[in-house]
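J.: Any chance you can model this:
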Amino acid sequence: DMLEKQVEQEYEILEEKLRDASYLLQTHHESHVKITQDDPVIPLEHLLDNIRNKKLNAEDDVTRCNDAVAEVMKKQSEKKALQGSYQHRLAQLTQKKNTLNRPEGGVNKINSVIR
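T.: Next comes the predicted model:
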């Protein structure tokens with residue numbers, strides 16, 4: 001009799017905790033969980049397994065997304081470095097062209113020899 005009363009109290013506590021967690025269970029699409037006095041444990045074990053699997057899948061998604069972001073940032077950094085190198089080379093060539101095109105530059109000296 002005492003044991004039955006304790007089991008009934010614990011079952012009521014378990015039902016109350018499930019009611020308290022009903023919003024969270026709905027957000028995780030697990031609100032279909034029903035427990036009975038005859039078998040309260042197995043449905044909760046299934047619930048725990050489902051939520052654990054969803055959590056692991058979400059963590060895997062986060063890891064994949066972080067890896068993808070890191071890869072994009074790496075490519076962006078490489079392209080930015082390459083662009084900087086090209087801009088530096090373009091500035092050098094522009095400066096050399098301007099030096100050669102000055103009145104006393106090499107282009108005019110060559111043109112004066114040819115004429």
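J.: rest of the way, CA atoms for contacts and neighbours
T.: Will do.
J.: residue boundaries of the strands in the protein?
T.: With DSSP state E as the criterion, the chain has no strands.
J.: so what does the longest helix seen in the chain touch, helix or strand wise?
T.: Longest helix in the chain, counting residues (DSSP state H): helix 41-101. Contacts defined by 3 or more C-alpha pairs under 8 Å, 6 or more residues apart in numbering; DSSP states H and E place helix 41-101 against helix 106-114.
J.: so how far is the longest helix of the chain off the chain centroid?
T.: Relative to the mean C-alpha coordinate of its chain, helix 41-101 is positioned 10 Å out (C-alpha atoms, centre = their mean, to the nearest Å).
J.: pLDDT on that helix, on average?
T.: For helix 41-101, mean pLDDT rounds to 94.
J.: and the direction of it versus that of helix 106-114, what angle?
T.: 40 degrees (axes from the mean of the first three to the mean of the last three C-alpha atoms, to 10 degrees).
J.: ok, residue 69 - contacts?
T.: Under the criterion of C-alpha atoms under 8 Å, 6 or more residues apart in numbering, residue 69 has no neighbours.
J.: What separation do you get for it and residue 2?
T.: Note on residue 69: its distance to residue 2, by C-alpha to C-alpha, to the nearest Å, is 60 Å.
J.: How about residue 103?
T.: 111 Å.
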